[in-house]
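>>> Show me how the following folds:
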Amino acid sequence: METWKKFVLIAVLIAGALLVYIPHYNYGYPLHVDEWNLISEMRIVQNEGFQYLVTHPVESGFVFSLYILDLFFSIILFYKFLPLLNFVMVSLVLFYFLNKNYGYWQGVFAIVFFASLKSNVNILGNWFFVPIVFAILFIYSYLFNLEESLEKKKSLYLSALFLFLIAFIHPSSFLVLAIVGFVYYGINHKKVRKSYLNLWPFLFLLIPVLLVILYFGDFSELVSRLVWLPFVNAKVQFTPLIYGILAGLFGILGFYLTLKRKELLGFRIYVSISLISIVGFWLLEKSFFSSYQRYLYHFMSGAVVFSAIGLYEFLKFVFVNLNKYRNELRVSVLVLIVLITGIVLFQNYGENYPGTEIYHLIDDSDYDALLFLKDYDLKYVPHRFYLDSAEVISSRDVAVVSYAISNKASAGFVSPYSLEEAFIAMQFFDKDCDFKEGFLDKYENINYVYSYEKIECSFLREIYRNDKVFLYERIKN
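Okay, here's the model as predicted:
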């Protein structure tokens, strides 16, 4: 590869990485409640051992990845860099396969379209490091290898390996990608019949499937989990148009051309299943195997490849049809088209619908207070995300992060507590000392009160304070 091409590639990667990092620039902690919950899962593994990953296999591969990272970095403080690093890795995978199978510019354009994907707390995206975003690295690798899996044993084995990893990183994506593979091999059934014995590596996929079945125990409950109803921010009805009209037009062109050439069948199935599921959700208000928002993310991720091919072919068409003009003019026109495309792609980047804005659960004062609590009491109580395993009562936001930092779960008013418990916990800081004492008597496991206001109750002893936080220890008779 020529030096100037390397320079362009590196420049595009850096620009995209900086865009991903912008929401993290002035905030040193994870941005999404899911990120904090996954760190909490990792803390359970650290405290109780790897058997927890076996008995709780859902997204265990992602949790294990956090565990490995925490061996080298303080995961909470390092988390702000993980979306950036993930973006770079995914972009390099995209570039590698497209450069190999199509060309340099298709690979570079794919990075640009991938960088332009919108992110918010509802559909997630490049700003966050959560299982589906991490899984995209393996989804692309799986789909590209799937294209050659019936001709090359190496690609078939790699397809099985990447699908196996996806199963442990993001199970609902595994279901979607397993269907993609099933349809792909069904369409190519004649080739499959000739070499069906080569498909034996896919038998290893029974391992995560059996672990999940054992985890849920009741088969009917497992089946019910395959049907997704509207969840958080369901009233915000995103559509595929969030991908962008211009990007969509290039995507349609790329899809048509690959269909005509009989290329990228796996990607075409992936995008089609996602789009069908999105439309199905509009009609039925339910989706299967994955949620509406996740299907939207799958759709956009798959469309990136077709948009890159479509843009390149459009530029090629323009260049050829300007053959009567000087090369300098033809190249100038192409550069202008690319610049206009870039401006359109990123003009609304960072804008969010009401209710999907970035939120900050804690600040430095909270972090310092929770670190103090971690060192103050080294006793460990197993955490199972229920009120009877909590050692602290706090506000909702602090409750989300408490265990991840202090090794002590907090009884804030968040799910999955029962509605009755959530209501009582929400009242705790508004009621008088008699109510507080009655609440603490009911839940003997709660020993600490994390407050943003001074509390003067005889059964609470102040053990820490800073400019924002008051920490109290419960005095037991």
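
>>> host element of the residue of the chain most remote from its centre?
Farthest-out residue of the chain from its mean C-alpha position, per C-alpha atoms, centre = their mean: Lys324, at 48.9 Å. Secondary structure from DSSP states H and E places Lys324 outside every helix and strand.

>>> Against Asp397, how distant is it?
Distance of Lys324 to Asp397, computed by C-beta to C-beta, to the nearest Å: 64 Å. Heads up, the C-betas are built off the backbone N, CA and C, glycines and all.

>>> now do Phe319
Phe319 is 54 Å from Asp397, where distance means C-beta to C-beta.

>>> average pLDDT for the longest helix along the chain?
When every helix of the chain is counted residue by residue (DSSP state H), the longest turns out to be helix 292-321. Averaged across helix 292-321, the pLDDT comes to 93.

>>> just stretch 264-278 next, same as before
Computed over stretch 264-278, the mean pLDDT rounds to 95.

>>> doesn't Ser307 make contact with Phe250?
Yes - Phe250 is within contact range of Ser307, at 4.3 Å (criterion: C-beta atoms under 8 Å).

>>> more neighbours, the two?
Residue environment comparison for Phe250 versus Ser307 gives the larger neighbour count to Ser307, 31 against 24, counting by other C-beta atoms under 10 Å.

>>> could you list every residue that touches the more buried one?
With contact taken as C-beta atoms under 8 Å, 6 or more residues apart in numbering, Ser307 is in contact with 109-110, 113, 247-248, 250-251, 254.

>>> Gln106 versus that one, what's the distance?
Between Ser307 and Gln106 the computed distance is 10 Å (C-beta to C-beta).

>>> Poorly predicted segments of this structure, please.
Within the chain, the stretches falling below the threshold (pLDDT under 70) are 216-225, 230-238, 384-387, 413-424.

>>> Got the domain ranges for it?
3-346, 364-474 (automatic domain parsing).

>>> Would you format the ones you listed as JSON lines with distance to Glu357 included?
Putting the domains of the chain into JSON lines (distance: least, C-beta to C-beta, whole Å) gives the following:
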{"stretch": "domain 3-346", "distance to Glu357": "7"}
{"stretch": "domain 364-474", "distance to Glu357": "15"}
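
>>> Over to His32: give its phi and psi.
Backbone torsions for His32, taken as degrees, to the nearest 10, come to phi -130, psi 150.

>>> Any idea how many residues pack against it?
Per other C-beta under 10 Å, the neighbour tally for His32 reads 19.

>>> next one: Val180
If you count neighbours by other C-beta under 10 Å, Val180 ends up with 27.

>>> go on, Glu48?
13.

>>> now do Trp228
By the other C-beta under 10 Å criterion, the neighbourhood of Trp228 contains 19 residues.

>>> same check, this time on Leu253
A count of neighbours around Leu253, defined by other C-beta under 10 Å, yields 19.

>>> Distance check, the nearest residue to Phe109 once chain neighbours are set aside against Phe314.
Leaving aside its chain neighbours, Phe109 sits nearest to Ala308 (3.9 Å; criterion: C-beta to C-beta, 6 or more residues apart in numbering). Computed with C-beta to C-beta, the distance linking Ala308 and Phe314 is 11 Å.

>>> which one of the two has more residues nearby?
Neighbour count, other C-beta under 10 Å: between Ala308 and Phe314, Ala308 has more, with 29 against 17.

>>> right, and the more buried one touches Gly107 too?
Yes - taking C-beta under 8 Å as the contact criterion, Ala308 and Gly107 are neighbours in contact, 7.5 Å apart.

>>> Now do the strands in this protein.
227-228, 287-288, 392-393, 448-451, 460-465, 470-474 (DSSP state E).

>>> if you compare those strands, which one is most tucked away?
Comparing the strands of the chain by mean neighbour count (mean count of other C-beta atoms under 10 Å), strand 392-393 ranks first with a mean of 27.

>>> picking that back up, buried residues in the longest helix of the chain?
Under the neighbour-count criterion of 16 or more other C-beta atoms under 10 Å, helix 292-321 has 292-315, 319 buried.
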